[in-house]
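>>> Predicted structure and sequence below. I'll ask about it afterward.
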Amino acid sequence: MKKFILFDVDGTLIDNGAYPENFDNIKKQISILKRDYIIGICTYRPFDLNVRKIMKDYGLNGPVICEGGACVFDKIFLKYNMVFKDETIYFNLNALIKNIILDYINNSNINASVVISNNVEQNDLAVVINGYRKMSSTIRFPEVFKEHIDEIISYMKNHEKIKNMNITKSHDNELKLNVLSKNINKMLTIEKYFKNSYVTFVTDFEEIFPTTRNSSFIKVFSVGTNANFNNKCNCVFSNFGKGVEEILIKLRSEL
């Protein structure tokens with residue numbers, strides 16, 4: 001049976017965009033464990049240049065579950081190919097969202113444009129939709145929309161194709177929206193795609209978490225401080241950086 005280690009990104013491999021102080025120690029442990037494990041990523045991020053850089057910098061050799069479980073990319077001949085995607089989203093989500101927001105702008109007489117771009121920067125009058133995302137969407141609004149965000153969410157949810165989507169404000173920015181199918185879930189994707197494997201998932205926190213420590217083939221290790229989430233995990237090391245290193249040392253000792 002194949003054995004996988006899957007890392008969450010934010011709060012686990014990086015924090016506020018920075019690697020932990022013990023990065024070299026973690027990388028060394030990963031290098032040793034790659035003899036016995038396939039080591040990859042499971043994140044809400046899209047499969048973009050940032051995720052590719054994190055994979056390369058840590059020396060990971062495994063698959064990438066991205067967009068919260070919407071897509072799985074696997075490494076074949078040094079290239080990543082999509083091997084699974086959530087089929088519940090069968091339309092161009094970003095293009096649809098762009099048109100919906102344009103309708104809102106036109107109806108509200110707001111002076112702004114909407115662009116789909118891989119560049120996260122935005123000017124004062126642009127609503128920017130992340131072009132890297134395929135099965136989910138991230139939208140950044142300029143300040144002019146500050147008083148409109150809740151109304152825009154309602155406006156989007158009234159659209160026939162969006163009604164089964166989760167539309168939420170980003171926890172770190174009220175002018176950033178995340179759009180994700182209600183059927184998409186990291187743990188469900190792990191259960192579906194890795195069901196004939198042994199998986200250790202290392203993360204700081206998962207808001208949507210149907211699988212508990214009773215899973216027969218998935219162990220969840222926490223490096224976070226959320227007590228309610230940690231109670232669902234198999235093992236807890238409640239600190240960023242050092243916790244990841246300790247988990248990898250523990251997995252080595254179990255070989």
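Happy to help now that I have it.
>>> List the neighbouring strands of the one helix or strand Thr200 maps to plus their orientation.
If you go by DSSP states H and E, Thr200 is part of strand 198-203. When sheet partners are counted by DSSP bridges, strand 198-203 sits next to strand 3-7 (parallel), strand 218-222 (parallel).
>>> What are the contacting residues of stretch 11-21?
7, 26, 41, 54, 57-58, 202-205, 223-224, 240-242, 244 (Cβ atoms under 8 Å, 6 or more residues apart in numbering). For glycine as for every other residue, the C-beta is placed from the backbone atoms N, C-alpha and C.
>>> Give the partner strands of the longest strand seen in the chain in its sheet and their orientations.
When the chain is parsed with DSSP state E, its longest strand is strand 173-181. Sheet pairing here is set by DSSP bridges, and for strand 173-181 it gives strand 137-140 (antiparallel), strand 165-170 (antiparallel).
>>> Identify whichever of these lies nearest to Ile76.
strand 137-140 (27.2 Å; Cβ to Cβ).
>>> Just after that closest one, pick out the following helix or strand.
Next element after strand 137-140 (DSSP H and E): helix 149-157.
>>> Report pLDDT for Ile100.
We have a pLDDT of 94 for Ile100.
>>> Any idea how many residues pack against it?
Using other Cβ atoms under 10 Å, Ile100 has 18 neighbouring residues.
>>> That one sits in which helix or strand?
Secondary structure (DSSP H and E) places Ile100 in helix 93-108.
>>> Which strands or helices does that helix pack on?
strand 113-117, strand 126-130, strand 137-140, helix 149-157 (3 or more Cβ pairs under 8 Å, 6 or more residues apart in numbering; DSSP states H and E).
>>> can you rerun that using 10 Å?
strand 113-117, strand 126-130, strand 137-140, helix 149-157, strand 165-170, strand 173-181 (3 or more Cβ pairs under 10 Å, 6 or more residues apart in numbering; DSSP states H and E).
>>> which of the residues in stretch 178-197 are buried?
By 16 or more other Cβ atoms under 10 Å, the buried positions in stretch 178-197 come out as 178-181, 184-191, 193-194.
>>> State the distance from Lys75 to Phe240.
Note on Lys75: its distance to Phe240, by Cβ to Cβ, to the nearest Å, is 26 Å.
>>> Report pLDDT for Lys163.
Confidence score, pLDDT, at Lys163: 81.
>>> Is it part of a helix or strand, or is it coil?
coil (DSSP: H, G, I helix; E, B strand; the rest coil).
>>> got a list of what it touches?
156-157, 182 (Cβ atoms under 10 Å, 6 or more residues apart in numbering).
>>> Then Cys235?
200, 202, 213, 219-223, 243, 246-247, 250-251.
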